[in-house]
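1. Sharing a model prediction with you, sequence too.
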Amino acid sequence: MRGSWKSKLTSSLFVLPYFLCFSLFLLYPLISGVVLSFQDYDMLGSREFIGLENYKNIFTPGTYIHDQFVRGLTGTFKFVIYSVPFLVIVGLALALLVNALSARVRGVYRTIFFMPYAISATVMATIWMRVFDTDTGFLNLLLDRLGVSGPHIGWLNDTPWVWFALVFSTIWWTVGFNMIIFINGLNEVPEELYEAARLDGANAWQRLIHITLPSIKNISTVVLIMTIIASFNVFAQPFLMTRGGPGYETTVLLMNIFNVAYGQHQGGAASAMAILMGLIMMVISAVVYRLLSGRRA
Amino acid sequence: MKRMKWMHVALIACLVLALAACGSGKSQSRDQGQPGSSDAASPSASAAPKGKTELVFWAPFSGPDGPFMKKIVDAYNEQSDRHQVKFQIQPSGDYYKLLDNAFATKKNMPDLMIMHLDAIPTYVSKNLLQPMDDLAAKAGIQKGDYVDAAVNYATIDGKWWGIPLDIHPLIMYYNKDLFAEAGIEQPPTNMEEFLDAAKKLTDSSKGQWGYVVPTLWPQQFIFPTLIYQQGADLVDAEGKPNLNSPEAVKALTFLKSLIYEHKVSPENVAQDGEVKLFLQGKNAIQFNGPWMKDQWDKAGINYGVAPVPVFFDQPGVFGGSHTFVVPKEQTDAAKLEAIGDFLKYVAGHSIDWAQSGQAVASKQVLASPEFQQLTQQQTEVAKEFDYVHFAPPIPNWGALVGELWTQVNLTLLNKAEPQKALDEAQNKALQALAAQK
């Protein structure tokens, strides 16, 4: 009987392992982080409660932590704006392409496009630094061979090329994930809709615009929000590949939080920065979600 | 019914696995481009036999130099019937996080550890270390046993806080084949010879360069070196940052001129660009630390080693040093005696450490015939000990100069002018100083 205490107990037991993991690795650190953001912690044992001072400093121009926060947020925003459209569009494009293949090769290409997602950040960075290095990198040597004259482009330390390098390597690394989700979404679209459209004389482009895209609207929203969140959390690519350079052009917020915590030995301030970052991400995600699912034809 | 039972068992097995997977955590120790490092944490195998005092000794030697220290520890353990050292290598990229964690939680604290010499002022100011005067005296160790520069730096408020193991200063590596091709017989020793050689060695049509200027690491060693050679420092007499002094501007202008005026370096050099070019035999001269030796050996470069040329008025070179320190919490008399005994041994037997390419700080080993016969680089490195400088002994110095390296980077990428860049670095350093309470 549904609702009996026995079945409730069983279902609670099933949820319990996940709940334990969640509490230990998500809930407890989150609460600790919030508490820490109200303290002054030098990472070596001495803590002191200081209320909202960390937050006040972040919003006071001229303080060290304000500059770190603003610079980092600017870098992160730039990365989000430059990378998210491509990550979503390329993911969708790959999904459409893969789905258009014959059933035999479909699996092979799906795997190939997803494989980069499985490698670690350090390996990814090593590969792409080999490609983008100014004088020994594969790309510039290729351009030399093709007869492109002039000094080598500083893909890793010249604006705006550095953003190209970061976004491109990120796409290579993570687009497979979006592709897989889009493939699932595409598979859900009923085949009859396409048949009916073909009968009515719609060409491929019209089918795409009028059937495919509307049908995957919900899943597109999910992918978009997940991609925005993932791009907000960028750390490895700028840290390993460009070291936040040139200067601080590609310095992202997580890098600065890391620096304030471990370089400046100010754990409380870093925690406040991280909490603020989380809040900003939540607001943006909520806004995007509202905008996209609010419109019902 | 039977099927249901199987399902239950299978599900519970999955749950247990899930819990175990959750528990293993997702933390990855990530190396941050530290020279010559890899991920390895290998505790020394043996447990302390009965009656022996056991010491837990931490070191960040997770690169190819680790086995050389292990050799010393093993030899010590064998010859000592009263003490036993348990050697634990920590990943060098995360070393200070682990150490800070041990200090903060007071758990898992080693008895003895390696610390970089320029970190000592910070930890002394936080009252976390113990003076070594007593245990040194008991073990018969004297300050005069070690290179003066390192001992003086580690002496704060009249107390001796760290016993040095080695000193690793900036050193010059050069490609002997390229030098021979260009007809240069001796490595340069001053500004004139250096510019002359670098220009001869540069042929941009072949993609060959005399001296590739790094824009990120290891400018932390190169830029201060050029300042010391002018008889100045990065701090003023009161210990306040002095990053925009005329000497600093001159040093930065010189570095920039190598790229844009003398054109002995390509532009827009990315992180490790100069290393990659050196490994490919396209970069004739490299200023770096002794830890690079292993990479050059593996690549089969025919390289020579020499002291850094004296570009300006006097010899001077930036260096670091691995130093033994003891945490304040260590009060066990037997262990303190063991530490003294072990360090006395190391002072006399650190020739094994020198085999790793480092120049040791022990005067006894430096003077020994075994050391003098080492042909790789150790004797060249040791030549610089008379004029090696370390980072300013200001607590949290590293935190103050973060912006300095950003501005140096921007200047060398031709996105800033030296004076303005260093003014900005100075402003930010003072700002960071104000943020530290």
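-> Structure's in. What do you need? Everything numeric here is computed off the predicted structure, so don't read it as measured data. Residues are numbered from 1 along each chain as shown, chains lettered A, B, ... in the order given.

2. CA atoms for contacts and neighbours, from now on please.
-> Noted.

3. Helix or strand: which one has residue 196?
-> Using chain A here. helix A:191-199 (DSSP states H and E).

4. wait, I meant chain B there
-> Assigning secondary structure by DSSP H and E places B:Asp196 in helix B:191-201.

5. chain center to that helix: distance?
-> Counting by CA atoms, centre = their mean, to the nearest Å, helix B:191-201 is centred 28 Å from the centre of its parent chain.

6. do stretch B:349-367 as well
-> Centre to centre, stretch against its chain (CA atoms, centre = their mean), the figure for stretch B:349-367 is 16 Å.

7. right, and the helix or strand after the helix holding A:Ala196?
-> helix A:204-207.

8. is stretch B:94-111 up against chain A anywhere?
-> Yes: using CA under 8 Å from any CA of the partner chain, we find that stretch B:94-111 touches chain A at B:97, B:100-101, B:103-105.

9. For chain B, what is the nearest residue in chain A?
-> Going by CA to the nearest CA, chain B is nearest to A:Gly45 of chain A, at 4.0 Å.

10. That residue falls within a helix, correct?
-> No: A:Gly45 is assigned coil when assessed by DSSP: H, G, I helix; E, B strand; the rest coil, not a helix.

11. Check chain A for its longest helix and report it.
-> The longest helix of chain A (DSSP state H) is helix A:64-100.

12. What's the separation between the residue of chain A closest to chain B and B:Asp100?
-> From A:Gly45 across to B:Asp100, the span is 8 Å (CA to CA, to the nearest Å).

13. more crowded one of the two?
-> Comparing A:Gly45 with B:Asp100 by neighbour count (other CA atoms under 10 Å in any protein chain shown), the higher total belongs to B:Asp100, at 19 against 14.

14. got the contact list for that one?
-> A:43-44 (CA atoms under 8 Å, 6 or more residues apart in numbering or on different chains).

15. just checking, B:Glu274 touches B:Thr215?
-> No: contact between B:Glu274 and B:Thr215 fails when scored by CA atoms under 8 Å: they sit 9.3 Å apart.

16. out of those two, which sits in the more crowded spot?
-> Between B:Glu274 and B:Thr215, counted using other CA under 10 Å, B:Thr215 has the larger neighbour count: 30 against 27.

17. Now the more buried one. Nearest residue, chain neighbours left out?
-> Nearest residue to B:Thr215, sequence neighbours excluded (CA to CA, 6 or more residues apart in numbering or on different chains): B:Asn409, at 5.0 Å.

18. Kindly report the same for A:Ile216.
-> A:Gly185 (5.9 Å).

19. Go ahead and confirm the one you found touches A:Pro214.
-> No: applying CA under 8 Å, one finds A:Gly185 not in contact with A:Pro214, separated by 11.1 Å.

20. Would you tell me what helix or strand the residue positioned nearest the centre of chain A is located in?
-> Residue closest to the average C-alpha location in chain A (CA atoms, centre = their mean): A:Ala230, at 2.0 Å. Using DSSP H and E, A:Ala230 sits in helix A:217-232.

21. Which other helices and strands does the next helix-or-strand element following that helix contact?
-> Following helix A:217-232 in sequence order, the next helix or strand is helix A:236-237 (DSSP H and E). With contacts defined as 3 or more CA pairs under 8 Å, 6 or more residues apart in numbering or on different chains; DSSP states H and E, helix A:236-237 has these neighbours: helix A:121-132.

22. Just the buried residues of the helix it packs on, please?
-> Neighbour-count burial for helix A:121-132, counted by 16 or more other CA atoms under 10 Å in any protein chain shown, picks out A:121, A:124-125, A:128-132.

23. need the residues you listed in a markdown table with pLDDT, can you?
-> Below are the buried residues of helix A:121-132 laid out as a markdown table (pLDDT from 0 to 100):
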| residue | pLDDT |
| --- | --- |
| A:Ala121 | 94 |
| A:Met124 | 96 |
| A:Ala125 | 95 |
| A:Trp128 | 96 |
| A:Met129 | 94 |
| A:Arg130 | 94 |
| A:Val131 | 95 |
| A:Phe132 | 95 |
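
24. if you average pLDDT over the helix holding A:Ala196, what comes out?
-> Mean pLDDT, helix A:191-199: 89.

25. List the buried residues for that helix?
-> Neighbour counts using 16+ other CA under 10 Å place A:194, A:197 of helix A:191-199 among the buried residues.

26. Point out the residues in the stretch 51-200 of chain B that sit beside chain A.
-> Checking the stretch 51-200 of chain B against chain A by CA under 8 Å from any CA, the hits are B:97, B:100-101, B:103-105.

27. thinking again about what came up before, return the distance of the helix holding A:Ala230 from the chain's centre.
-> Centroid separation for helix A:217-232 versus its chain: 9 Å, with CA atoms, centre = their mean.

28. Also stretch B:86-100?
-> How far stretch B:86-100 lies from its chain's middle: 14 Å, per CA atoms, centre = their mean.

29. Pull up the distance across it, start to finish.
-> With CA to CA, one end of stretch B:86-100 sits 20 Å from the other.

30. List the buried residues of that stretch.
-> Going by neighbour count (16+ other CA under 10 Å), the buried part of stretch B:86-100 is B:86-93, B:95-96, B:98-100.

31. A:Glu48 in helix, strand or coil?
-> For A:Glu48, the assignment made with three-state DSSP gives strand.

32. now A:Leu139
-> What three-state DSSP gives for A:Leu139 is helix.
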